[in-house]
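Peer 1: Please work out how this folds:
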Amino acid sequence: MPIQITRAAARDLDHLGAAAREQTVRDIQTLEDEPIGRPPRIKRVKGFAFPLYRLRSGDYRIIYRIDAELVTVMRVVDRKDPERALRRLGLR
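Peer 2: Numbers count the residues shown, from 1 in each chain. Take a look at the predicted model:
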């Protein structure tokens with residue numbers, strides 16, 4: 001399944017350190033093979049009209065959605081504050 005990264009997610013990746021960026025990019029690439037995995041690494045985010053998921057990658061969370069045959073990475077945020085990033089997306 002192809003992966004698309006939004007501008008906001010690309011900016012988030014640019015602000016990460018080299019080691020964290022490498023790990024996060026590897027985890028994003030795993031979404032090609034299995035976008036809906038088992039907990040605890042992947043969980044569905046509740047409260048949205050469409051399926052939105054969160055992938056745990058070290059100290060960061062990858063927020064993404066699945067549309068037909070495309071995985072869209074929307075944000076890469078610190079594990080301490082995913083709620084604020086979800087509010088900023090304005091999707092609720």
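Peer 1: what about residue 13, which helix or strand?
Peer 2: Residue 13 is part of helix 7-14, with elements assigned from DSSP states H and E.
Peer 1: what ranges do the strands span in this protein?
Peer 2: Taking DSSP state E as the test, the strands found in the chain are 3-5, 42-45, 52-57, 60-67, 70-78.
Peer 1: Who are the packing partners of the fourth one?
Peer 2: Read that as strand 60-67. helix 18-30, strand 52-57, strand 70-78, helix 82-89 (3 or more C-beta pairs under 8 Å, 6 or more residues apart in numbering; DSSP states H and E). For every residue, glycine as well, the C-beta is placed using N, CA and C.
Peer 1: The closest residue in space to residue 69 that isn't next to it in sequence: what's it in contact with?
Peer 2: Spatially, and ignoring its direct neighbours in sequence, residue 69 is nearest to residue 1 (6.0 Å; C-beta to C-beta, 6 or more residues apart in numbering). Listed by C-beta atoms under 8 Å, 6 or more residues apart in numbering, the contact set of residue 1 reads 31, 32, 33, 35, 66, 69, 70, 71.
Peer 1: What separation do you get for residue 1 and residue 68?
Peer 2: Plainly put, residue 1 is 9 Å away from residue 68 if you go by C-beta to C-beta, to the nearest Å.
Peer 1: Same question for residue 27.
Peer 2: Noted for residue 27: a distance of 22 Å to residue 68, by C-beta to C-beta.
Peer 1: Out of the helices and strands packed on strand 60-67, flag the one nearest residue 39.
Peer 2: strand 52-57 (9.4 Å; C-beta to C-beta).
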